[in-house]
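Asks: Mind looking at a prediction? Sequence and model below.
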Amino acid sequence: MKKISCLVVLVCFLFTLSGTAFAWSDRSEGRPREVTSPSLSIWHDRTDEFHVKSTNFRREHVFTGVIQTNGHFYNVDEKNMENGDFVKVDRDHNTIHFRFTGRGIDEINFKVRRGDTLTLDLNKDGRDMPRNEIFIGKNGWHPRDNRFSLR
């Protein structure tokens with residue numbers, strides 16, 4: 001009986017450490033196809049990491065947003081940041097504010113611990129981001145609005 005109790009505790013502990021690997025929707029899994037028009041792509045991968053990537057090769061745009069979770073962000077990594085770009089994680093590690101400016105590609109990568117929901121509020125040039133310029137997961141689905149949640 002003692003061995004079974006220890007096994008149950010060990011399994012529960014390992015499940016807790018596994019993070020959110022089983023919590024995220026299949027709709028967010030996999031990188032969307034490359035898009036050349038001004039857009040934001042969002043996906044979750046096999047390493048349990050989320051990616052938010054702006055693509056902008058035509059004229060200059062400013063992408064801004066707020067990403068919140070009911071857990072905690074960790075391993076937040078920025079790629080291709082230029083002057084005027086920023087990624088700020090709040091003190092509680094449950095909100096990310098970002099700004100991507102200029103042309104080219106900018107990206108945030110992060111993981112979520114002890115959470116199963118991401119809420120995103122995305123803007124382009126100071127206005128609500130058009131939903132058809134937001135691509136989520138390998139099928140590149142578009143949310144109903146520029147404010148949406150992934151579970």
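Replies: Alright, I've got the coordinates. Because the structure is a prediction, the values reported are computed rather than measured. Numbering: from 1, shown residues only.
Asks: Could you give the separation between the terminal residues of stretch 55-74?
Replies: The separation between the terminal residues of stretch 55-74, taken as Cα to Cα, to the nearest Å, is 24 Å.
Asks: With stretch 56-74 instead?
Replies: Stretch 56-74 has its terminal residues 27 Å apart, counting by Cα to Cα.
Asks: biggest strand in this protein by residues?
Replies: If you go by DSSP state E, the chain has its longest strand at strand 104-113.
Asks: who does that strand pair up with?
Replies: Strand pairing for strand 104-113, using DSSP bridges, gives strand 50-56 (antiparallel), strand 72-79 (antiparallel).
Asks: Residues contacting the last one, please?
Replies: Residues lying outside strand 72-79 but in contact with it, judged by Cβ atoms under 8 Å, 6 or more residues apart in numbering, are 49, 67, 85, 87, 89, 92-94, 96, 105-115. Backbone N, C-alpha and C define where each C-beta goes, glycine included.
Asks: let's see 7 Å
Replies: Outside of strand 72-79, the residues within contact range by Cβ atoms under 7 Å, 6 or more residues apart in numbering are 87, 89, 93-94, 96, 107-115.
Asks: Out of those residues, which end up buried?
Replies: The neighbour count (16 or more other Cβ atoms under 10 Å) marks 87, 89, 93-94, 96, 107-113, 115 as buried among the contacts of strand 72-79.
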